[in-house]
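Visitor: Predicted model, plus sequence, below.
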Amino acid sequence: MQFHRLFSGLLYAGMIMPAVSSCIYEYDTCQPERDINIVNDWELVAKASPKGMAFIFFSEDGSAPWRFDFPGMEGGMVNMPQGRYSMLSFNDDTYNVRFIENEGYGGYTAYTEKADNVAFEGSEVAPPVRLPEKQTDVGENFVECPDMMWGCSYCAVTIGNTTLTYEESGGGGPYSVPVTSASFLLEAHQRQLTARYRFTIDDVENLDGVKAMSATFSGLAGAENLADGRKTAYPSTLPSKVDIYGDSTIGGDFVTFGIPCEPTAENTLSLMVLLHDGRKFNYRFDVTDQVRAAENPLDVHVRIAGLSLEPSTPGGDSGAFEVGVDGWISITINIDS
């Protein structure tokens, strides 16, 4: 998609753009222009920490959108032709997130690409190992985790000669702002877009026999529409690192778009364990009830009490366990939700 663009200050792909005091646009416009001072309101997300924010204005007439990128959290001054627009805002410092941006305001979507189909990636003590063949539910893609994202969506922004009006897609407004000091004030009420998931497993036995661990979490959305916040319907599986806390607690955390808009798949936490004797175990927990009952869908904490790992044994005898053709021993564990 081709944009009218203004870059201000430092951008985040290792590239430095010179600060500008006025806008230089690629296209001329016959419409009178107005200065708009965009100020970010972080009241709803006081702990947000973006390195920069993007603002995209989509004209009602279908012409090229106007994009402005500002470093930090404050916002900045833009110069826009009078007219009717929709506006999206989101942090522009993401690494894993990709965008579908050729479908206009209503189709602007954040997503992540497929991840490497391996466990223990990044481990300092074990090489990556291919995931169990049935690690994801039927039809699920194994995708990268998104970054933390914050943003807002305004479905109607009208820039007039003496008045600026705007309305939030979630129902806030409409707001009407008269011109002051030769410019309009537009408050961008920023919200958290992606969710943080955590899991904790207490009272874990036989951790001394573990060489490496990693985890996956299934039944999660692989993309999010930034205009209306709607998650994609198709479920995906995401990876997570696993850390050891003390002598008997393990856990991890990761970022996700959350639950699909029409959830049909279970949310399964899979803990993959490589023992010092070389055996590979895949412990699977159905945590759907905990995820769906979470008080805050943007901050989900799954808790599991008690797990007895198989001890590492000389020779790595599989004993009574059935080893899959992929070399993994899969164990499904029922838990109280």
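Guide: Happy to help now that I have it.
Visitor: residue ranges for the strands of the stretch 1-150 of the chain, please.
Guide: 4-7, 33-41, 52-59, 66-71, 75-81, 83-91, 97-100, 109-112, 118-119, 129-130, 141-142, 150-159 (DSSP state E, counting those that start in this stretch).
Visitor: Quickly note the distance from the nearest residue to Gly76 once chain neighbours are set aside to Tyr95.
Guide: Nearest in space to Gly76, with sequence neighbours left out and distances taken as CB to CB, 6 or more residues apart in numbering, is Phe70 at 4.2 Å. Yep, even glycine has a C-beta here, placed from its N, CA and C like the rest. Distance, Phe70 to Tyr95, by CB to CB, to the nearest Å: 19 Å.
Visitor: between the two, which one's more packed in?
Guide: The neighbour count for Phe70 versus Tyr95, taken as other CB atoms under 10 Å, is higher for Phe70 (23 against 10).
Visitor: Export the strands of the stretch 1-150 of the chain as CSV, with columns for mean pLDDT and distance to Ile250.
Guide: Converted to CSV, the strands of the stretch 1-150 of the chain look like this (pLDDT from 0 to 100; distance: least, CB to CB, whole Å):
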stretch, mean pLDDT, distance to Ile250
strand 4-7, 58, 44
strand 33-41, 94, 38
strand 52-59, 97, 35
strand 66-71, 97, 38
strand 75-81, 94, 41
strand 83-91, 97, 31
strand 97-100, 97, 28
strand 109-112, 97, 25
strand 118-119, 82, 15
strand 129-130, 84, 18
strand 141-142, 90, 22
strand 150-159, 94, 30
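Visitor: Among those strands, which comes closest to Ala265?
Guide: strand 141-142 (11.7 Å; CB to CB).
Visitor: partners of that closest one in the sheet?
Guide: strand 235-241 (parallel) (DSSP bridges).
Visitor: Quick one: name whatever helix or strand follows the partner strand.
Guide: Elements were assigned by DSSP states H and E; along the chain past strand 235-241, the next helix or strand is strand 243-245.
Visitor: Contacts for that next one, please.
Guide: Contact with strand 243-245 is made by Leu207, Ile250, Gly251, Gly252, as judged by CB atoms under 8 Å, 6 or more residues apart in numbering.
Visitor: Next, count neighbours for the residue nearest to Val45 when sequence neighbours are not counted.
Guide: Counting by CB to CB, 6+ apart, Val45 lies nearest to Gln192, which is 5.0 Å off, once chain neighbours are set aside. Using other CB under 10 Å, Gln192 has 17 other residues around it.
Visitor: Okay, and the beta partners of Gln192?
Guide: Trp150.
Visitor: State the distance from it to Ala221.
Guide: For Gln192 relative to Ala221 (CB to CB), the value is 15 Å.
Visitor: re the thing from before, any chance of the strands of the stretch 1-150 of the chain in CSV with distance to Glu167 as columns?
Guide: Listed next are those as CSV, based on distance: least, CB to CB, whole Å:
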stretch, distance to Glu167
strand 4-7, 23
strand 33-41, 15
strand 52-59, 14
strand 66-71, 18
strand 75-81, 17
strand 83-91, 10
strand 97-100, 23
strand 109-112, 21
strand 118-119, 46
strand 129-130, 50
strand 141-142, 35
strand 150-159, 4
